[in-house]
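> fold the following for me, if possible:
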Amino acid sequence: MIINNEKGSVEITNEVFTVLAGDAATNCFGVRGMAYRNVKDGFVSLLKRENMSKGVLVTFDNDKVNIDVHIIVEHGVNITAICESIISEVRYNVERATRVKVGNVNVKVDSIMAE
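Residues are numbered from 1 along each chain as shown. Purely as a prediction, here's the structure:
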């Protein structure tokens, strides 16, 4: 995404958005980590910290960014509460760091993991 102002322009890559969103999501209570679904066999994998961007999809809609995060949650937690927390944290952290408005944050719970 390119942001133009009176002093010039700034280009923010997709990777910046994915890292910010993934970091915000994984820091929420009850989240075990980011998920990656293997399309071939349908298995869900827990991503290591350095690969967590594979669990985030970023799309642009005019001057807004839309973010999908795929997560694995801990067994026994309130999924609705976790998702609301993630939506709030991702929106806040991305907007604060980039000054780009966040349109939708969609949370996809791909798996539940026991401790």
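
> quick check: pLDDT value at residue 50.
As predicted, residue 50 sits at a pLDDT of 73.

> roughly how far does it sit from residue 113?
The gap separating residue 50 from residue 113 is 19 Å, by CB to CB, to the nearest Å. No exception for glycine: its C-beta is placed from N, CA and C like everyone else's.

> looking at those two, which is more packed in?
More crowded of residue 50 and residue 113, by other CB atoms under 10 Å: residue 113, with 13 against 6.

> show me the contacts for that one.
Contacts for residue 113 (CB atoms under 8 Å, 6 or more residues apart in numbering) come out as 32, 46, 72-75.

> ranges for the strands of the protein?
Per DSSP state E, the chain carries strands over the ranges 2-5, 8-11, 31-37, 44-46, 56-61, 64-74, 101-113.

> among those strands, which comes closest to residue 84?
strand 101-113 (8.7 Å; CB to CB).

> list the buried residues for the closest one?
Neighbour-count burial for strand 101-113 flags 102, 105, 107, 109-111 (criterion: 16 or more other CB atoms under 10 Å).

> closest to residue 26 out of the residues you listed?
Nearest to residue 26 among the buried residues of strand 101-113, counting by CB to CB, is residue 107 at 12.2 Å.

> in this structure, which ranges drop under the pLDDT threshold?
Across the chain, the ranges flagged by pLDDT under 70 are 37-42, 115.

> quick check: buried residues in the longest helix along it?
Secondary structure of the chain per DSSP state H: the longest helix is helix 79-98. Neighbour-count burial for helix 79-98, counted by 16+ other CB under 10 Å, picks out 82-83, 85-87, 89-91, 93-94, 98.
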